[in-house]
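Visitor: model the following, please.
(2 chains)
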Amino acid sequence: MTLLLVNYQTATMEFKDYYQVLGVERDADQLHIKRAYRKLARQYHPDINKAVDTEARFKEVGEAYDVLKDPEKRAAYDQLGANWQSGQQFNPPPDWDAGFEFTARGFDDGDFNSGNAGAHSEFFESLFGQTFRNKASGQRSSNDFRSSRRNDHHAKIMIDLEDSLKGASKTIHLRVPKLNPAGRLQKTERALNIKIPKGIRAGQHIRLSGQAESGIAGEPPGDLYLEIEFIPHAFYRVKGGDLYYDLPLTPWEAALGAKINVPSPKGEIKLNIPAESKSGGQLRLKGQGIPGKSIGDLYVVLQIALPAANSEKAKSLYREMEKYLDFNPRQHLHV
Amino acid sequence: MTQKILVGTIIEETSITLAELSRVCCVETNYLIDLVAEGILDPISDIQQDEPEQWLFAGSCIKRVHISLRLQQDLEVNLAGISLIIDKYLLPY
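Guide: Model prediction:
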């Protein structure tokens, strides 16, 4: 089971050309940078655009803007020079940020709520993570409210849809960032056995009281919040508590009706396909979706598959249909 | 090594107080009160009679808070704009 702790990724580190990401020139002014970011952000924002692959792109755009909008970070980034190519293996030179003075603004631990922060690349972390944070720390005001919630930890876990359908016990591995005595950030790993409640949905949170490891000695442990995400299923698509999958039918099954065996979360079932079924039609199986307080439904989306005309026999059957069936699928187009 | 199996609660399936919602979402309670004032969040308790400390929210409000934060931070949409986007396009109550 994989677990993504919100702030870390383990991809190999490649140089990122933030100017290229935003599609702006290296000497672009703030107005152009902001404009380019806003356009791309609206285009790829995961809350607005539901397409699957927008999130990674959006994070990249957010990360680029995070650096280029801030004159200090931009100047430091520019110092790295244009010698690096996007995608090139990268290690920051040890004194790459020497000679810069950094102010405290712009580094709030609450960042991970944002769609653009939250999962900065290792490249970004290596440049602006520790170094900037260390230099920027110490000036943040703290009161009881902030310090009490700082002990809570949040993480996202990926589970199989089956874990929710049946309920399960899982061992998860959490990578916890901790400061070592030298003040450097280290990732330690710990394993937890947790119960996945039957019927949990993507986006929901499990609260484990007192299970957040306190980073500071002597402080009481906070709560651990686990956000659930499903590993994409081989054929089920999940919308809230409802499940969808595509069911290919032969033309004769769709036209004449049929009783066929189909999968369902509770196992194989016999499904009655009504005669004259159309491609794209949906059959709803009430209460066969994700269980829970509000039990979901299962939608079987019909798709008519055509047999290939790859033999003389098949070809002659198609020719016979052409000859005997009075069929114009383009009637509504008036042709 | 056998380890105890931890059993948690699904927050979305319980009703939660203003303080709990602020903790789960890592935001100040004042921010949540602003969301209520804008109509982005609807407490399930009587907001006329009760003090904010007594408000109760459906767990599904967590998603609304997260979307509000993201739209605000990523696109600098103000609360009125967020309310419009959420109601029109994203999450009908």
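
Visitor: who are the packing partners of the longest helix seen in chain B?
Guide: Ordering each helix of chain B by length in residues (DSSP state H) puts helix B:61-75 first. With contacts defined as 3 or more Cβ pairs under 8 Å, 6 or more residues apart in numbering or on different chains; DSSP states H and E, helix B:61-75 has these neighbours: helix A:30-44, helix B:18-25, helix B:29-38, helix B:79-85. From N, CA and C alone the C-beta is placed, and that goes for glycine too.

Visitor: pick the most buried one from the ones you listed.
Guide: helix B:18-25 (a mean of 21; mean count of other Cβ atoms under 10 Å in any protein chain shown).

Visitor: packing partners for that one?
Guide: Using 3+ Cβ pairs under 8 Å, 6+ apart, helix B:18-25 is in contact with helix A:144-150, helix B:29-38, helix B:61-75.

Visitor: what about 7 Å?
Guide: Counting contacts by 3 or more Cβ pairs under 7 Å, 6 or more residues apart in numbering or on different chains; DSSP states H and E, helix B:18-25 is packed against helix B:29-38, helix B:61-75.

Visitor: could you export the ones you listed to a markdown table, including columns for mean pLDDT?
Guide: Below are these laid out as a markdown table (pLDDT from 0 to 100):
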| stretch | mean pLDDT |
| --- | --- |
| helix B:29-38 | 93 |
| helix B:61-75 | 90 |
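
Visitor: closest to residue A:190 out of the ones you listed?
Guide: helix B:61-75 (25.3 Å; Cβ to Cβ).

Visitor: break chain A down into its domains, please.
Guide: A:3-136, A:144-230, A:244-333 (automatic domain parsing).

Visitor: ok, now which ones touch residue 65?
Guide: As the question left the chain open, I've gone with chain A. The contact partners of residue A:65, taken as Cβ atoms under 7 Å, 6 or more residues apart in numbering or on different chains, are A:22, A:37.

Visitor: try chain B instead
Guide: Here residue B:65 is in contact with B:21, B:25, B:27, B:32, B:35 (Cβ under 7 Å, 6+ apart).

Visitor: bridging residues for residue A:224?
Guide: Beta-bridge partners for residue A:224, by DSSP bridges, are residue A:153, residue A:208.

Visitor: that one against residue A:211, yeah?
Guide: Yes: the pair residue A:224 / residue A:211 is scored as a contact, 4.0 Å apart, by Cβ atoms under 7 Å.

Visitor: neighbour-wise, which of these two wins?
Guide: More neighbours surround residue A:224 than the other of residue A:224 and residue A:211, with 22 against 19 (other Cβ atoms under 10 Å in any protein chain shown).

Visitor: show the contacting residues for the more buried one.
Guide: Contacts of residue A:224 (Cβ under 7 Å, 6+ apart): A:153, A:208, A:211-212.

Visitor: a helix runs through residue A:186, doesn't it?
Guide: No: residue state for residue A:186 (DSSP: H, G, I helix; E, B strand; the rest coil) corresponds to strand; a helix is not indicated.

Visitor: thought it was touching residue A:178?
Guide: Yes: judged on Cβ under 7 Å, residue A:186 makes contact with residue A:178 at a distance of 5.6 Å.

Visitor: so which residues on chain B come close to chain A?
Guide: Applying Cβ under 7 Å from any Cβ of the partner chain, one finds that chain B approaches chain A through B:3-13, B:23-24, B:26, B:28, B:62-63, B:66-67, B:69-71, B:73-75, B:90.

Visitor: any regions of chain B where pLDDT drops low?
Guide: B:1-2, B:90-93 (pLDDT under 70).

Visitor: typed the wrong thing, it's the stretch 151-300 of chain A
Guide: The stretch 151-300 of chain A contains residues with pLDDT under 70 at A:214-217.

Visitor: tell me who's in contact with residue 36.
Guide: Unless you meant another one, I'm taking chain A. Going by Cβ under 7 Å, 6+ apart, residue A:36 touches A:22-24.

Visitor: to clarify, I was referring to chain B.
Guide: B:43, B:47.

Visitor: let's go with 10 Å and repeat that
Guide: B:18, B:42-43, B:47, B:52, B:55, B:57, B:61 (Cβ atoms under 10 Å, 6 or more residues apart in numbering or on different chains).

Visitor: restricted to helices, list the residues you listed.
Guide: Residues of the contacts of residue B:36 located in helices (DSSP H): B:18, B:61.

Visitor: residue A:240: which of the helices and strands packed on helix B:18-25 is closest?
Guide: Of all the helices and strands packed on helix B:18-25, helix B:61-75 comes closest under Cβ to Cβ, at 10.9 Å.

Visitor: can you give me the helices for chain A?
Guide: Remark: helices assigned in chain A by DSSP H are A:18-22, A:30-44, A:54-68, A:71-79, A:122-124, A:130-136, A:144-150, A:161-166, A:251-256, A:312-324.

Visitor: average pLDDT for the second one?
Guide: What that stands for is helix A:30-44. For helix A:30-44, mean pLDDT is 90.

Visitor: what distance separates the start and the end of stretch B:13-26?
Guide: Taking Cα to Cα, to the nearest Å, the first and last residues of stretch B:13-26 lie 19 Å apart.

Visitor: now it: how far from the chain's centre is it?
Guide: 7 Å (Cα atoms, centre = their mean, to the nearest Å).

Visitor: ok, now stretch A:57-73?
Guide: Centroid displacement of stretch A:57-73 relative to its chain, using Cα atoms, centre = their mean, is 19 Å.

Visitor: try stretch A:252-265
Guide: The answer for stretch A:252-265 is 34 Å, by Cα atoms, centre = their mean.

Visitor: next one: stretch A:234-246
Guide: Distance of stretch A:234-246 from the chain centroid (Cα atoms, centre = their mean) equals 16 Å.

Visitor: end-to-end on that stretch?
Guide: The first residue of stretch A:234-246 is 11 Å away from its last residue (Cα to Cα).

Visitor: so it, near chain B or not?
Guide: No: if you take Cβ under 10 Å from any Cβ of the partner chain as the test, stretch A:234-246 misses chain B, and the best it gets is 10.5 Å.

Visitor: state the distance from residue A:78 to residue A:64.
Guide: Distance, residue A:78 to residue A:64, by Cβ to Cβ, to the nearest Å: 13 Å.

Visitor: which one of those two has more residues nearby?
Guide: Higher neighbour count among residue A:78 and residue A:64: residue A:64, with 26 against 15, using other Cβ under 10 Å.
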